[in-house]
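In: take this sequence and fold it.
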Amino acid sequence: MSNPVLVEVTRGSVVESRHRGAISVMDADGNSVLNIGDTARPVFARSAIKAVQALPLIESGAADAYGFGDDELALVCSSHSGEDAHIEMARSMLARAGRDETNLECGGQWSSHQPVLIHQAKTRTTAPGALCNNCSGKHSGFICTATHLGIDPKGYISPDHQIMKTVRAALEDVTGVAHAEDLRGMDGCSIPTYATPLTAMAQGFAKMATGQSLGDERAKAGKRLLNACMSAPFYMAGTKRFCKQLIELEPGRLFGKTGAEGVYCGTVAELGLGIALKCDDGSTRASEAMMAATVAHLLTANDPLHDSLQAMANPILKNRNRYEVGNLRTNLPN
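Out: Numbers count the residues shown, from 1 in each chain. Sure thing, here's the model as predicted:
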């Protein structure tokens, strides 16, 4: 099945690039509200499902034992930019569990956000360590969970480690589908990642937003994590990042989280809906436009956020002299 073209990039009057993709919007009961393209094909969610991977941190009691508030919980769900505040927050989280950077198994990383990369290059005397990795918050959460439960965190990135087994079980419960071994890959930060249908991801985020079809403890943990991200979007993303800008349109209404290779997941909690989408060619720019267009589609035309979302879905493109050269044009089929 060939997915439809959802985003076009223009230069002048000419369409220069086209991005195909698929979008699923579901409610917590599994009813499809919007289905575009092949949403049944398993795709890797990558970092878009970090809020689900963080459930054991709360459910184990580790988050409360170490005094984690919204900022820390948002960092656990983050793909952060590696700004100084992100690094220090991850360091602080590990310290509260009696751990440090040497326990992280995510690898070092220069920031992918250019302004932060320039800052790192100017101020660092060594290559960035694991604390700078955009997933260091998530990994700190894994280590804190293991430590609180009396489990040796060494090797926690292995699919056979108890922490990864617990995370996998949470993912299966929330999405409602088995995370099959033959659909397992290794994520950029070295933990297991499983390919699942967009429909399952979308329903899972509807369940996280509403608490429906989850046990009481998991329902509370899911809402707590999403609320933390919406309260502290800087720690979930970083300065001038799309996830932060989307949430800040009206704090508390929207949640969105990017994943590598053009995946995006989110919720419109007031509607009880979850969203999952994939840009076929892996373009982050296109997946962000698709997310904004999808949320705008779900809201009424007179909603105060509608025009802002449409602007995010169809941004004007400028060159280095700040001249307008074209735009992103997002079109969702009815």
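In: where do the helices sit along the stretch 101-250 of the chain?
Out: Counting by DSSP state H, counting those that start in this stretch, the segments of the stretch 101-250 of the chain that form helices are 114-123, 136-148, 162-175, 198-210, 216-231, 233-236, 242-247.
In: and the longest one, how far from the chain's centre?
Out: Between the centre of helix 216-231 and the centre of its chain there are 14 Å (CA atoms, centre = their mean, to the nearest Å).
In: just how off-centre is the lowest-mean-pLDDT helix or strand in the chain within its chain?
Out: Lowest on mean pLDDT, DSSP states H and E among the helices and strands of the chain sits helix 114-123, with a mean of 93. Distance of helix 114-123 from the chain centroid (CA atoms, centre = their mean) equals 23 Å.
In: contacts only, for Gly282.
Out: Going by CB atoms under 8 Å, 6 or more residues apart in numbering, Gly282 touches Ala260, Glu261, Gly262. Just so you know, the C-beta spots here come from the backbone N, C-alpha and C atoms, and that holds for glycine as well.
In: of those residues - the most surrounded one?
Out: Scoring the contacts of Gly282 on neighbours with other CB atoms under 10 Å, the highest-scoring entry is Gly262 at 23 neighbours.
In: so that one touches Ser287, yeah?
Out: Yes. Using CB atoms under 8 Å, Gly262 is in contact with Ser287, at 4.3 Å.
In: can you list the contacts of Gly282 in TSV and add pLDDT?
Out: Output for the contacts of Gly282, formatted as TSV (pLDDT from 0 to 100):
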residue	pLDDT
Ala260	96
Glu261	97
Gly262	98
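In: could you dump those residues into a markdown table and include distance to Ala195 and secondary structure?
Out: A markdown table is the format used below for the contacts of Gly282 (distance: CB to CB, whole Å; DSSP: H, G, I helix; E, B strand; the rest coil):
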| residue | distance to Ala195 | secondary structure |
| --- | --- | --- |
| Ala260 | 13 | coil |
| Glu261 | 11 | coil |
| Gly262 | 14 | coil |
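In: same list (those) but as a markdown table, adding distance to His19.
Out: Formatted as a markdown table, the contacts of Gly282 follow (distance: CB to CB, whole Å):
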| residue | distance to His19 |
| --- | --- |
| Ala260 | 16 |
| Glu261 | 13 |
| Gly262 | 8 |
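In: so which bits of stretch 214-234 are buried?
Out: Residues 214, 218-219, 221-234 are the ones in stretch 214-234 that count as buried (16 or more other CB atoms under 10 Å).
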